[in-house]
Every structure is written in C-alpha cells, then in structure tokens.
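K.L.:
My questions concern the predicted model and sequence given below.
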Amino acid sequence: MLRRARHYFQNLPADIPSSIVVLLVALPLCMGIAMGSNAPLFSGIIAGVIGGVIVGSLSGSQLSVSGPAAGLTAIVVVAIGKLPSFEAFLLCVIICGAFQILLGFLKAGILGDYVPNGVIKGMLAAIGLILILKQLPHLVGYDKDFEGDETFLQNDESNTFSTIIQALKFITPVAVLIGGITLLFQFGWDKWVTNKKGWVRLVPAPLLVVLMGIGINELFNRYAAAYATGSEQMVNIPSANSFREFISFFNWPDWSQAFNREVWITGLTLAMVASLESLLSIEAVDDLDPYQRVTDKERELKAQGVGNIISGLLGGLPITSVIVRSSANVNAGAKTKMSAIFHGILLLGCVAFIPTVLNLIPKSALAAILIYTGYKLAKPSLFKSFYQKGWQQFIPFAVTVVAILLSDLLIGVIIGIVTGLFFVIRSNFKTAVLVVHDDNKYLFRLQKDVSFLNKPIIKNKLEQVPPDSYVLVDTSRADFIDKDVVEVIEDFMKHASLKNIRVELKTHSHRKHGFRQQALKVVG
C-alpha cells in the first residue's frame, strides 16, 4: 500500500499537468454530448466528474479516462424521447451499471482481447481523423454541430463533410485567428520542449493555448468588439449564484418507473453498448501506454458499473471509457490514474467555483487542442508503417478507418474485425494444405487447422491423382482436422484401389484426428 502511494506521489509532476489537459478536453465534450443527447447540460458534467473520480479510482487502468460517450448519444436521445421524463431515464443508467457489474463477475471482459491489433490501430487513427474533421468547423467559428459528435450522419441530416463545407460559409475571422495561432503554437511548442529539461516540460501546452485564446478574444472585446467572437462561440457552463441553486442542477431518478418495460430494455441496451465501447477503449489505451501495461478487463467492467450506478443516482449521463480523453491523457504525458482522478476533481471545482472564468474560453481554442490530439493519433507515419507490413495487415487497418469515418465507432470496429477474420481464414486456408508431386508420387500435407473450407480443394486434388500413383497423406503436423475433411480422405482411400493408387496415411502419435482404425493402415 505504501509502495503504491509512493509510486503515485512520485508521478504527480507528470499527472497534475496532464489532468489540466484532460480537463480542457473533457469540459466542452461533457456539455456537448449532453446537448446532443437532449439531456440537461449539467448531466454531462456530473458524468465527467464521476468518470474521473469514481471510475478512475476503481479502474485498474492507469491512463484511461471515463465520462459521457458520444457513442451512446443515439440511444440516449431515443430513450429520453420514449420515457415519461429524464428522471425515468436515470433509472436506465442505474440498471446499466448493475448489469455491467454482473458482466464483470461473469468474466465478459475477455471479449476485448479478441480484437486484432490492426483494428485497434485503425480505431485510433479513425478517432484522430474524426477529431480533425469534426473540429474544423469549430476552429473557424461554426458551432452548429454539438461538441463530441463522432458519427458520420448527424441529427440534422447533414454529415461530417457537408458540415465542413457549410462552415466555410460562416467563417468568423477572430475564431480563425485564435484557432490558427494556437494550432501552430502547439506544433512549435512540441518541437521546442523536446530537447528542454526542467519545469518547462511540465507546462501543459493546452493550458497556454486556452490562455492565448482568452487573451486574443479579450483584446478584440476591448478594442474591436464588433469582431470579437459571439457568446455561441464560447464555452457556456451553467452558473449558480448560490449553493442551493447549484444543488438544483442535480436530478434524482424516478423510482416509480422501476416496472416500466422500456426502462429495463434501455438499461440493458446501454449496458451492452457501453461495455463494448469501454473494452475497445481500454484495448486502445493499453496499446498507447508507453509502458504497455495490461488492464484487468473484469475489474474495468465493475468500475464502469459502479460509476454508472452513481451517475444515475445523481442525475448524470451513462459513462464509458472514452478514447478521446484517454488519448489526450497519454499524449500529455500522464503516468498513473491520478491524472484521471484529478481531472474529475478539477472539473467539479471549476464548474462550482469559477464558471465565469471558463465561459471566457473560445471554442476555437479548444478545437485547436482536439485537432492537435487528432494529428497525434493519425500521423501519416502510422499509415505508412501499416502499408509496409503488407496487404494482410494494411487492408483490415484501412477498412476499420474508413468504416468508422463513415458510420460510428462500434459499427466500424465490427466491420474491421470481420475483415481481419477474413484475412486470418484466408491465410489459414492457403497454408493449411500443401500438395506436391514428383512424377507419380504425391504428398498431401495437412498442417495447422484444416477446416471444412478446405474440403473442396482437398477433394478435387485427390480426384486429380492419376492411376498407378502413390499418395502419402501426412496429417502429423495438423492441430485440427474437420470431420468433413476426414470423411473425404477416408472415401478416397476406399476407392483408390480401383485406380491402382496406393495410399498411406501418416498421423501424429498422439493425435489421430478421428480417422478410423482401418484407415491408419497402408491401403493399396
């Protein structure tokens, strides 16, 4: 215990600056996702605080950051529209959490281990490109689409690319100035501090970006107010004038809806989708972790479950591990989970005590932070390295990227997994059966896993063996042979003598693969 506490304390110089970066990324996303979900703005803040403090404390992941997720927005919108009230929806969030805890005890976290590495890398690259594409309109001052929207098709029937085109018609010069300067500053700062030592490396660039954005906008407010950014282009946190008013921002679940069938259906749907998103995000964060630490998936599901129960009790949105915040955390240099916990504490403190200060932040400055985070995730060198690995690695990676860009995270990942499985099956199919011959001597070597998909080629090749030949069927290197394939070989051995073909079957001393005893003898 003392050793762990000492470990966390030693890494505070890296974790505290990182928590500030995550705060700046999470703040607009929490409110944006709440807005996109047709939920109270403060429900997104509640989910962000609980995702940081509660889930961060209970999770085994050192770098993952949890909060309200864009991937659940569509489900939340439909549920809030169907149910009698938002308070009834909060029961769904509690049910979601309880079911996630159950999934943790049932060891369901192992599902995340079956996602291919190319798909995980593709997911990270796609998220990076989405951040860039989705934040470009905010960078130029067009803020019609809510922060945190990650889907290709949007609620207003536009899409990612049409929104960018539309944004070009509503450019705000000061927003472009703030966004452009702060974006260039981050690239320059990153190169400048690379070879530096001391305290300067601990200064988070996003904090400087926010201060620069506020400074530039305030200068225009003072000397050229007509050109300054409008209120709709600024962060807009609910502000309370008293403690009682602050408490009024919280909502409590409507327990009278506990027997509503729609509440349970929505709760279970949220649990399945939120659990999958969390597992995928954890896989991606573990991949980004410089120390390559492995997160206990069952513990993660239980932590997410507890977080969702508390979020539902206090009036918050459903929570998942979120790759955008987590990747910002990794890129900011976080070392332990204290960064996620501190970000939650800072989020609550800022909203409670300094909302007026936060409302001075231009959204274009925050867009610059997210665009730079996106660039870090989708560097051209990543695409080049996968291309150099060959088509078998590159195609599942590229398909995942395109599928996520044109749909959403879950659908894109499923398409990527299916593509990856196709190449695995194709590779196994090509290497499972080796057929060579020298004059009238034939070798059929079965290796690795021989499935029913290999049945047609084995059957056709056996039937092409000319009369008066010798055939050795070597199964000693095969781990698995499908019963259909065993039947094809045995059928051939039965009628081979009609063509004067001598057949010998060679098996492993400990694996007979289901061949009948008479088949193990030389036939001729």
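P.N.:
Received, thanks.
K.L.:
CA only for contacts and neighbour counts going forward, please
P.N.:
Will do.
K.L.:
Strands of this protein, residue ranges please.
P.N.:
Here the chain has its strands, by DSSP state E, at 66-68, 319-321, 433-438, 441-450, 470-481, 502-506.
K.L.:
list the buried ones in the third one?
P.N.:
Along strand 433-438, these residues count as buried under the neighbour rule (16 or more other Cα atoms under 10 Å): residue 433.
K.L.:
for stretch 496-503, same thing?
P.N.:
Buried, per 16+ other Cα under 10 Å, within stretch 496-503: 496, 501, 502, 503.
K.L.:
Centre of the chain to it, how far?
P.N.:
The chain centre lies 57 Å from the centre of stretch 496-503; the measure is Cα atoms, centre = their mean, to the nearest Å.
K.L.:
re the thing from before, can you convert the strands of the chain into a markdown table and add a column each for mean pLDDT and distance to residue 80?
P.N.:
What follows is the strands of the chain, written out as a markdown table (pLDDT from 0 to 100; distance: least, Cα to Cα, whole Å):
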| stretch | mean pLDDT | distance to residue 80 |
| --- | --- | --- |
| strand 66-68 | 96 | 15 |
| strand 319-321 | 97 | 16 |
| strand 433-438 | 91 | 55 |
| strand 441-450 | 90 | 49 |
| strand 470-481 | 91 | 51 |
| strand 502-506 | 91 | 65 |
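K.L.:
re earlier: which one of the buried residues of stretch 496-503 sits closest to residue 375?
P.N.:
Using Cα to Cα, residue 503 comes nearest to residue 375 of the buried residues of stretch 496-503, at 61.0 Å.
K.L.:
how many neighbours does the closest residue to the closest one other than its chain neighbours have?
P.N.:
Closest residue in space to residue 503, ignoring its immediate chain neighbours: residue 471 at 4.8 Å, by Cα to Cα, 6 or more residues apart in numbering. Residues near residue 471, counting by other Cα atoms under 10 Å, number 22.
K.L.:
let's have the chain start at 537 instead
P.N.:
Yep, numbering from 537; the last one is residue 1007 now.
K.L.:
Specify the beta-bridge partners of residue 1007.
P.N.:
Residue 1007 forms beta bridges with residue 978, residue 1039, as assigned by DSSP bridges.
K.L.:
right, and it touches residue 978 too?
P.N.:
Yes. Distance between residue 1007 and residue 978: 4.7 Å, which falls inside the contact criterion (Cα atoms under 8 Å).
K.L.:
Pull up the per-residue confidence for residue 1056.
P.N.:
Per-residue pLDDT puts residue 1056 at 56.
K.L.:
And residue 1053, by the same measure?
P.N.:
On the pLDDT scale, residue 1053 gets 65.
K.L.:
again, but for residue 540
P.N.:
Residue 540 is given a pLDDT of 83.
K.L.:
how far away is it from residue 836?
P.N.:
Going from residue 540 to residue 836 by Cα to Cα, to the nearest Å gives 19 Å.
K.L.:
Wait, residue 978 touches residue 970, no?
P.N.:
No. In terms of Cα under 8 Å, residue 978 does not count as a neighbour of residue 970; the distance is 10.5 Å.
K.L.:
Any regions of this protein where pLDDT drops low?
P.N.:
1048, 1053-1060 (pLDDT under 70).
K.L.:
coming back round to it: quick one: which of residue 540 and residue 836 has more around it?
P.N.:
residue 836 (28 against 9).
K.L.:
Please dump the buried residues of stretch 1032-1039 into TSV; it should also carry distance to residue 712 for every row.
P.N.:
Listed next are the buried residues of stretch 1032-1039 as TSV, based on distance: Cα to Cα, whole Å:
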residue	distance to residue 712
1032	79
1037	80
1038	80
1039	78
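K.L.:
from those residues, which is closest to residue 786?
P.N.:
residue 1039 (78.8 Å).
K.L.:
these two touch, right, the closest one and residue 1027?
P.N.:
No. In this structure residue 1039 lies outside contact range of residue 1027 using Cα under 8 Å: 11.7 Å.
K.L.:
how about the helices in the stretch 787-936 of the chain?
P.N.:
Along the stretch 787-936 of the chain, counting by DSSP state H, counting those that start in this stretch, helices occupy 797-824, 833-850, 859-867, 874-889, 891-894, 899-913, 916-924, 927-942.
K.L.:
What lies in contact with the fifth one?
P.N.:
Same thing as helix 891-894. For helix 891-894, the external contacting residues (Cα atoms under 8 Å, 6 or more residues apart in numbering) are 771, 772, 773, 774, 775, 886.
K.L.:
what's the spacing between that helix and its chain's center?
P.N.:
Distance of helix 891-894 from the chain centroid (Cα atoms, centre = their mean) equals 31 Å.
K.L.:
repeat for stretch 916-927
P.N.:
The answer for stretch 916-927 is 20 Å, by Cα atoms, centre = their mean.
K.L.:
Could you do stretch 932-951 as well?
P.N.:
So, by Cα atoms, centre = their mean, the centroid of stretch 932-951 is 11 Å from its chain's centroid.
K.L.:
Could you do stretch 850-861 as well?
P.N.:
13 Å.
K.L.:
got the end-to-end distance for that stretch?
P.N.:
22 Å.
K.L.:
got it, and stretch 985-1004?
P.N.:
Its first and final residues considered, stretch 985-1004 spans 30 Å by Cα to Cα.
K.L.:
swap in stretch 588-598?
P.N.:
Stretch 588-598: ends 12 Å apart by Cα to Cα.
K.L.:
so what's the closest residue to residue 770 other than its chain neighbours up against?
P.N.:
Leaving aside its sequence neighbours, residue 770 sits nearest to residue 898 (Cα to Cα, 6+ apart; 4.4 Å). Counting by Cα under 8 Å, 6+ apart, residue 898 makes contact with 711, 746, 749, 750, 753, 765, 769, 770, 771.
K.L.:
where's residue 898 relative to residue 644, distance?
P.N.:
42 Å.
K.L.:
just residue 691 next, same as before
P.N.:
Distance from residue 691 to residue 644, counting by Cα to Cα: 33 Å.
K.L.:
With neighbour numbers in mind, choose between these two.
P.N.:
Remark: of residue 691 and residue 644, residue 644 carries more neighbours, 17 against 12, as counted by other Cα under 10 Å.
K.L.:
any idea how far residue 560 is from the more buried one?
P.N.:
Here the criterion is Cα to Cα. By it, residue 644 lies 33 Å from residue 560.
K.L.:
One more: residue 971?
P.N.:
In terms of Cα to Cα, residue 971 sits 61 Å off from residue 560.
K.L.:
Please name the residues that touch the closest residue to residue 806 other than its chain neighbours.
P.N.:
In this structure, residue 806 finds its nearest non-sequential neighbour in residue 632, 5.8 Å apart by Cα to Cα, 6+ apart. Shown in contact with residue 632 (Cα under 8 Å, 6+ apart): 803, 804, 805, 806, 807, 841, 844, 845, 854.
K.L.:
so can I have TSV of the residues you listed showing distance to residue 783 and neighbour count?
P.N.:
Compiled in TSV, the contacts of residue 632 are given as follows (distance: Cα to Cα, whole Å; neighbours: other Cα atoms under 10 Å):
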residue	distance to residue 783	neighbour count
803	26	24
804	29	20
805	30	17
806	27	24
807	28	30
841	24	31
844	20	36
845	19	25
854	20	36
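K.L.:
now, the most widely separated pair of those?
P.N.:
Applying Cα to Cα across the contacts of residue 632, the maximum distance is between 805 and 845, 15.1 Å.
K.L.:
got the CA positions of stretch 610-621 in CSV?
P.N.:
Only the C-alpha atoms of stretch 610-621 are listed here, as CSV (Å, rounded to 0.1, in the frame of the first residue of the first chain):
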residue,chain,number,x,y,z
ALA,A,610,-28.3,8.0,-30.3
ILE,A,611,-29.5,5.5,-27.7
VAL,A,612,-29.9,8.3,-25.1
VAL,A,613,-31.8,10.6,-27.4
VAL,A,614,-34.3,7.8,-28.3
ALA,A,615,-34.7,6.7,-24.7
ILE,A,616,-35.3,10.2,-23.3
GLY,A,617,-37.9,10.7,-26.1
LYS,A,618,-39.7,7.5,-25.3
LEU,A,619,-39.7,7.6,-21.5
PRO,A,620,-42.0,9.9,-19.4
SER,A,621,-39.1,12.0,-18.1
